[in-house]
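A.B. asks: Structure for this input, please:
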Amino acid sequence: QVQLVESGGGLVQAGGSLRLSCAASGRTFSVYSMGWFRQAPGKEREFVASIHWNSGRTLYSDSVKGRFTISRDNAKNTVYLQMNGLKPEDTAVYYCNADRGLIAAARAGEYWGEGTQITVSS
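C.D. replies: Down below sits the predicted model:
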């Protein structure tokens, strides 16, 4: 089992920045790919970004590419999502995700955090 706890959510004005953190525990963090998904009210959960545990390859949805950056610190068992240039349409609950394999838009990982709310005001 992997336990994931997100933090860093909140209210921000359009154009602002936030950094989400996800602390992992329970297993060897360095061998897990990590990702972020989000779910807006009335919409399905969607892929945001991921980072592969071995190659370090990062993937981003088209909607956040160039604005969001995913990174990880294996020494701290933490994955981050730096969000710049936030837009009202980025408003959602953001979920941390972990898996031994690839995490991508078509393949969510096995483990989930409980989510953290991001609200972007116009």
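A.B. asks: in the sheet, who's paired with the residue nearest in space to the middle of the chain?
C.D. replies: Geometric centre of the chain, nearest residue: Trp36, 2.4 Å, by CA atoms, centre = their mean. Under DSSP bridges, the beta-bridge partners of Trp36 are Ala49, Cys96.
A.B. asks: can you tell me how far it sits from Ser122?
C.D. replies: If you measure Trp36 against Ser122 using CB to CB, to the nearest Å, the figure is 23 Å. For glycine as for every other residue, the C-beta is placed from the backbone atoms N, C-alpha and C.
A.B. asks: hang on, the residue nearest to the centre of the chain packs against Ile51?
C.D. replies: No: applying CB atoms under 8 Å as the test, Trp36 and Ile51 come out as separate, 9.4 Å apart.
A.B. asks: what touches both of these two?
C.D. replies: 70, 79 (CB atoms under 8 Å, 6 or more residues apart in numbering).
A.B. asks: And the contacts of stretch 47-61?
C.D. replies: Contacts of stretch 47-61 (CB under 8 Å, 6+ apart): 30-38, 46, 64, 68-72, 79, 81, 94, 97, 100, 102-105, 108.
A.B. asks: Show me just the buried residues among these.
C.D. replies: 32-38, 64, 68-70, 72, 79, 81, 94, 97, 102-103, 108 (16 or more other CB atoms under 10 Å).
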